[in-house]
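A.B. asks: This is the structure alone, sequence omitted:
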């Protein structure tokens, strides 16, 4: 009779020892894989880090406060009526080439009455028409521009601030006189 071989199923003990052996074999193979017969070259040194200097801090310098500038022109007037003469002289000085010379003709292109508010430093703070030449809006705009452009006016030191009124006599040529300093009409 032929011999029969019986393969028995592995026991639990046998299975546990096989798994331990296989793990040991894998660990040994991994350890040997890192070994070589020739020595490895020494590691290359890392490059020195690039240090970029920070920009120098910018000093935040606040500008000094604007000095309170004393007005260069001063009016000693004690009433708005007296101040009106100083303001008219100032306007004439700033617009010499636009002042009508001599007596004005009897018929004028426009006549306007304007109130001007001036603060303690001679700056114009408000304009108010008492009688505007509505038929000539370009004259209204030009008078307002002229008044504002002439600032600063003489500072009304005795009054602190002032509102004065003057009458503008406007010739068709674009020249003018102020009633305060007019040479009259013929």
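C.D. replies: Received the coordinates, thanks. Keep in mind the model is a prediction, meaning the values are calculated, not measured.

A.B. asks: quick one: the helices in the chain?
C.D. replies: Assigned by DSSP state H, the chain shows helices spanning 12-33, 80-94, 137-149.

A.B. asks: For residue 127, see how far away the residue nearest to residue 124 when sequence neighbours are not counted is.
C.D. replies: Leaving aside its chain neighbours, residue 124 sits nearest to residue 151 (4.9 Å; criterion: C-beta to C-beta, 6 or more residues apart in numbering). To be clear about C-beta, it is placed using only N, CA and C from the backbone, and glycine gets the same treatment. Between residue 151 and residue 127 the computed distance is 11 Å (C-beta to C-beta, to the nearest Å).

A.B. asks: Same question for residue 49.
C.D. replies: In terms of C-beta to C-beta, residue 49 sits 69 Å off from residue 127.

A.B. asks: Who has more neighbours out of these two?
C.D. replies: Set residue 49 next to residue 127 and count neighbours by other C-beta atoms under 10 Å: residue 127 wins out with 14 against 6.

A.B. asks: partner residues bridging the more buried one?
C.D. replies: residue 116 (DSSP bridges).
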